[in-house]
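Participant: Okay, here's the prediction I keep looking at, along with the sequence it came from:
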Amino acid sequence: MSPPTSALEFLDFVNASPTPYHAVASAAALLDAAGFTLIKERDNWASTVKPGGKYYLTRNGSSVVAFAVGARWRPGNPIGMVGAHTDSPTLRVKPISKRTANGYLQVGVETYGGGIWHSWLDRDLSVAGRVLVREGQGEGNFVQKLVKVDKSVLRIPHLAIHLHRQTNFDPNKEDELLPIAGLAEAELNKAGGNENAEVQEGEFEPLRALPERHHPSFLTLVAEQAGVDVSQIIDFELVLYDTQKACLGGLNDEFIFSARLDNLNMTFCSIKGLISSVQSTALDNDNSIRLVACFDHEEIGSLSAHGADSNLLPAILRRLSVLPGCTTDSDRTVEELAASTAFEQTLSTSFLLSADMAHAVHPNYQAKYERNHTPAMNKGPVIKINANQRYATNSPGIVLIQEVARQTKVPLQLFVVKNDSPCGSTIGPMLSAKLGVRTLDMGNPQLSMHSIRETGGSRDVEYAVRLFEGFLSRFGDLEGRILID
Ligand SMILES: [Zn+2]
């Protein structure tokens, strides 16, 4: 049996997306191809956003929100939402990264999120991210360029077992996660290796010049990828990534071996689900808005200007809740009066599927799982439940998702952690508390969460896309059938 095309499409998506900036660009490419219009938060939407239209916007280039407005939309109507996150644990290049030791060139890195850091050792690493460059004549403007160096240029070497007899290896995050990037000798022999060559004489610089802060060869490589001169680079945000591409695995292609399954798998499935929903079910008879929000910074707690704990989603919901419907003049006055409470009405009628990866049962560590809740790979999305509200799932949400799953023929699974086990959390509880919106936490099952290379199920991609498609296109109808206030 060949793997579903959505699994293969996911491989392309994740391979093109080593950073949140790239993930947002990959999502934007899918949305552009499906006819969504790019809008900006800084603009007034009165003349652009209309019932029957499809739109998306980005914040900081690392969070993306896309939505399609039902043609029968009225202020205060429900919004069906799927939320995911674009970031994953990684190592970020420090503001002053230049290091040398024992003849090696090294690049200083900072840990981001809670990675399984020993999994980053002995991998072929490279860098990717965004570079801010000065462009144009005179003083010029500042623009962002995405950079992804495909060549393996960095490596964090393990210490030989002969020199290290401990069985548990837990590297010190400051001293033992420093990648090597080359040999100092090669750098010195290179023309232009003079580290001060790029510093312009006589000009006042508020910060030490970039060629003083980073190895010149490293800067040259990044500038080449950005298609600019080193002197045009003002700043950058670069992270390390594994150059080994994601692939199908297992005897029957039942697995996906990949970096960043958490949470680019749910980012991909939610964007695809929204696109499929507008292709399969016209917006003509829909009274709701179908929305997907993929946030940066979940792995570090979501508290930032563009994380799930920011005003990003509340601000967009407020603007959408008062969006006028396609009404006659006589309806207009009624609508204008209604607009004063539209935001609160929309919040109380909306629903959020918080989509973040779940734990598949691990055959070598069965005792770590609650015996009745052991999600299997390729058996469909996992509903995450926690009495202490580390997950926001409750019964009305389970009723809703079961109805959608029944209609779309998607199997579902249930997960709780053991009482004596720690429990992760995600954007669901935070957004539901902030907005007062009904929420359900769910995600596809995977192994090795937060490792540099994780394992998921190839068939679960299709299941999640279908579930999100079904939820977004049917929520306007289903909402009125769940009678709990
Ligand atoms: Zn996650």
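Facilitator: That came through fine. Just so it is clear, the structure is predicted and the values come from calculations on it, not from any experiment. Numbering: from 1, shown residues only.
Participant: Contact partners for residue 232?
Facilitator: Residue 232 sits next to 133-135, 223 when contact means C-beta atoms under 8 Å, 6 or more residues apart in numbering. C-betas here are computed from N, CA, C, even on glycine.
Participant: Which members of these are the farthest-apart pair?
Facilitator: Farthest pair in those (C-beta to C-beta) is 135 and 223. Separation: 13.1 Å.
Participant: where does the stretch 101-250 of the chain dip in pLDDT?
Facilitator: Scanning the stretch 101-250 of the chain for pLDDT under 70 picks out the ranges 190-202.
Participant: let's see 80
Facilitator: 138, 165-169, 186-203 (pLDDT under 80).
Participant: quick one: the helices in it?
Facilitator: 184-189, 210-213, 216-226 (DSSP state H, counting those that start in this stretch).
Participant: out of those, nearest to the ion?
Facilitator: When the helices of the stretch 101-250 of the chain are compared by C-beta to the ion, helix 216-226 sits nearest the ion, at 28.0 Å.
Participant: list the helices and strands that closest one packs on?
Facilitator: In terms of contacts (3 or more C-beta pairs under 8 Å, 6 or more residues apart in numbering; DSSP states H and E), helix 216-226 is packed against strand 125-135, strand 141-148, strand 180-183, strand 233-242.
Participant: Show residues contacting the third one.
Facilitator: Taking C-beta under 8 Å, 6+ apart as the criterion, the residues outside strand 180-183 that touch it are 103-107, 153-157, 215, 217-218.
Participant: got a winner among those residues for most neighbours?
Facilitator: Highest neighbour count within these: residue 154, with 26 neighbours (other C-beta atoms under 10 Å).
Participant: ok, now which ones touch that residue?
Facilitator: For residue 154, the contacting residues are 107, 125-127, 179-181, 240, by C-beta under 8 Å, 6+ apart.
Participant: would JSON lines of the residues you listed with distance to residue 350 be doable?
Facilitator: Converted to JSON lines, the contacts of residue 154 look like this (distance: C-beta to C-beta, whole Å):
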{"residue": "107", "distance to residue 350": "45"}
{"residue": "125", "distance to residue 350": "42"}
{"residue": "126", "distance to residue 350": "41"}
{"residue": "127", "distance to residue 350": "40"}
{"residue": "179", "distance to residue 350": "45"}
{"residue": "180", "distance to residue 350": "50"}
{"residue": "181", "distance to residue 350": "48"}
{"residue": "240", "distance to residue 350": "38"}
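Participant: if we take the residues you listed, which one ends up nearest to the ion?
Facilitator: Comparing the contacts of residue 154 against the ion with C-beta to the ion places residue 240 closest, at 18.8 Å.
Participant: and the residue nearest to the closest one when sequence neighbours are not counted, what does it touch?
Facilitator: Among residues not flanking residue 240 along the chain, residue 91 sits closest, at 4.5 Å (C-beta to C-beta, 6 or more residues apart in numbering). By C-beta under 8 Å, 6+ apart, the contact set of residue 91 is 109-112, 115, 120, 177, 179, 239-240.
Participant: So residue 91 lies in a strand, does it not?
Facilitator: Yes: read with DSSP: H, G, I helix; E, B strand; the rest coil, residue 91 is one of the residues of a strand.
Participant: Quick check: it vs residue 216, distance?
Facilitator: 21 Å (C-beta to C-beta, to the nearest Å).
Participant: re earlier: buried subset of the contacts of residue 232?
Facilitator: Neighbour counting over these (16 or more other C-beta atoms under 10 Å) leaves 133, 223 as the buried ones.
Participant: Just send the contacts of residue 232 back as JSON lines, with distance to the ion too.
Facilitator: JSON lines is the format used below for those (distance: C-beta to the ion, whole Å):
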{"residue": "133", "distance to the ion": "31"}
{"residue": "134", "distance to the ion": "36"}
{"residue": "135", "distance to the ion": "35"}
{"residue": "223", "distance to the ion": "33"}
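Participant: Just the closest residue of the stretch 101-250 of the chain to the ion, please.
Facilitator: In the stretch 101-250 of the chain, the residue that lies nearest the ion is residue 113 (9.2 Å; C-beta to the ion).
Participant: Let me see the ranges of the strands in the stretch 51-200 of the chain.
Facilitator: For the stretch 51-200 of the chain, strands defined by DSSP state E, counting those that start in this stretch occupy the ranges 54-59, 63-69, 79-85, 90-101, 104-112, 125-135, 141-148, 180-183.
Participant: Highest mean neighbour count out of these?
Facilitator: Across the strands of the stretch 51-200 of the chain, the average number of neighbours (mean count of other C-beta atoms under 10 Å) peaks for strand 79-85, which reaches a mean of 29.
Participant: Following the chain onward from the helix or strand containing residue 347, which element is next?
Facilitator: If you go by DSSP states H and E, residue 347 is part of helix 329-349. Past helix 329-349, further along toward the C-terminus, the next helix or strand under DSSP H and E is strand 351-355.
Participant: and after that next one, which helix or strand comes next?
Facilitator: In N-to-C order, the element after strand 351-355 by DSSP H and E is strand 358-359.
Participant: May I have the strands that pair with the following helix or strand past that next one, each with its orientation?
Facilitator: Moving toward the C-terminus from strand 358-359, the next helix or strand (DSSP H and E) is strand 382-384. Strand 382-384 sits in its sheet next to strand 413-415 (parallel), strand 438-443 (antiparallel), going by DSSP bridges.
Participant: Having no further points to raise, I will conclude here.
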